[in-house]
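Engineer: generate coordinates for the sequence data below:
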Amino acid sequence: VGKVCGDCDVTVPNIFATFGNCNSYCAAQGGSKCLSAKKAFTHSCSAQPPEEYDLSCDSTFASGEFARCHCSASEKATKALVDQNANLPALPYGQCGGKD
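Structural biologist: All right, here's what the predicted structure looks like:
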């Protein structure tokens, strides 16, 4: 991972060499699902122009390209969080900051 940009939001340098796309990257993180994918530049977390750099989660990146993958919480992590907080009131947001 190049840089963690937020909860479940990371830049992945040369994603092609190991994963190919954000779907595969997220799945390798404990069964997470890809929520969004972007072309990134270096290890930057700065927002990219949406229309030009937004991609589908199954888009294959070229060799050497950086990806910005936003993944859901893995089922294992979500279960651990639920078990840990079983006696607390439910929150309107999931582990990775999005509405469930």
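Engineer: which helix or strand in this structure has the lowest average pLDDT?
Structural biologist: Within the chain, no helix or strand scores below helix 75-84, which has a mean of 50 by mean pLDDT, DSSP states H and E.
Engineer: where do the helices of the chain begin and end?
Structural biologist: Using DSSP state H, the helices assigned to the chain run over residues 15-18, 22-27, 50-53, 75-84.
Engineer: where does the protein dip in pLDDT?
Structural biologist: Residues of the chain that meet the criterion pLDDT under 70 lie in 1-2, 47-50, 74-100.
Engineer: strands along that one, start to end?
Structural biologist: Using DSSP state E, the strands found in the chain span residues 3-6, 9-12, 34-40, 54-55, 66-71.
Engineer: adding distance to residue 24 and mean neighbour count, write those strands out as TSV.
Structural biologist: C-betas here are computed from N, CA, C, even on glycine. As requested, the strands of the chain are exported to TSV (distance: least, C-beta to C-beta, whole Å; neighbours: other C-beta atoms under 10 Å):
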stretch	distance to residue 24	mean neighbour count
strand 3-6	18	14
strand 9-12	10	22
strand 34-40	9	20
strand 54-55	13	15
strand 66-71	10	24
